[in-house]
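>>> Quick one: sequence and predicted model below, then my questions.
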Amino acid sequence: MTALFLSAFLPDTPRNRDSLAAAGKRMTELAYRTRTSPVDEPDGCTRTRCAGVHNGYPGSEHRWALHCLLCNQDIDVFPSHMRKRTGANPAPPRRHKGCTHSGPRRAAKRAARYAELGIALPDWDTDAHAALAT
């Protein structure tokens, strides 16, 4: 895996470095990694929303070029979609759209793939933990 870094347009501030560390931890839990092949980042992207995908950690409102180790697909995800949702409608972090290992029906397959990769199954993935117990 390539070392995590901030996207070129994102200022190097303590908050952005902390967010990068948190996103990196969640990325590992979801069995994602940074892509080995770079993407063409948009010219002139700023902190306002842009449609582009970024190689480095782009902040929550931009897409990050990652690779899913479970289904072996290159993906473009918003880091905010990787976070645990809290508040009135709490939910665990979610996998990317189209992942062949996503959802309760695929919990056993997901647990087996995590084990195959040597990645710890996240505590919040209760479906996969239940599948291991049976």
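Yep, it's here. Numbers count the residues shown, from 1 in each chain.
>>> which parts of the helix or strand bottoming out on mean pLDDT in the chain are buried?
Within the chain, judged by mean pLDDT, DSSP states H and E, the helix or strand with the poorest mean is helix 79-82; its value is a mean of 79. Of all the residues in helix 79-82, those buried under the rule 16 or more other Cβ atoms under 10 Å are 79, 82. For the C-beta atoms, the positions are set from N, CA and C on the backbone; glycine is no exception.
>>> which helix is the longest one in this protein?
Among the segments of the chain that qualify as a helix by DSSP state H, the longest is helix 14-29.
>>> what sits up against that helix?
Judged by Cβ atoms under 8 Å, 6 or more residues apart in numbering, the contacts made with helix 14-29 from elsewhere in the structure are 4-6, 10, 33-34, 57, 59-60, 64, 66, 79, 82-83, 93, 119, 122.
>>> For that helix, output the C-alpha coordinates as CSV.
Only the C-alpha atoms of helix 14-29 are listed here, as CSV (Å, rounded to 0.1, in the frame of the first residue of the first chain):
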residue,chain,number,x,y,z
PRO,A,14,-3.6,19.5,12.0
ARG,A,15,-7.4,18.9,11.3
ASN,A,16,-6.7,17.6,7.8
ARG,A,17,-3.9,15.4,9.1
ASP,A,18,-6.2,14.0,11.9
SER,A,19,-9.0,13.4,9.3
LEU,A,20,-6.5,11.6,7.1
ALA,A,21,-5.5,9.3,9.9
ALA,A,22,-9.1,8.6,10.8
ALA,A,23,-10.0,7.9,7.1
GLY,A,24,-6.9,5.7,6.8
LYS,A,25,-8.0,3.6,9.7
ARG,A,26,-11.5,3.2,8.3
MET,A,27,-10.1,2.5,4.9
THR,A,28,-8.1,-0.4,6.4
GLU,A,29,-11.2,-1.7,8.3
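>>> Lovely, talk soon.
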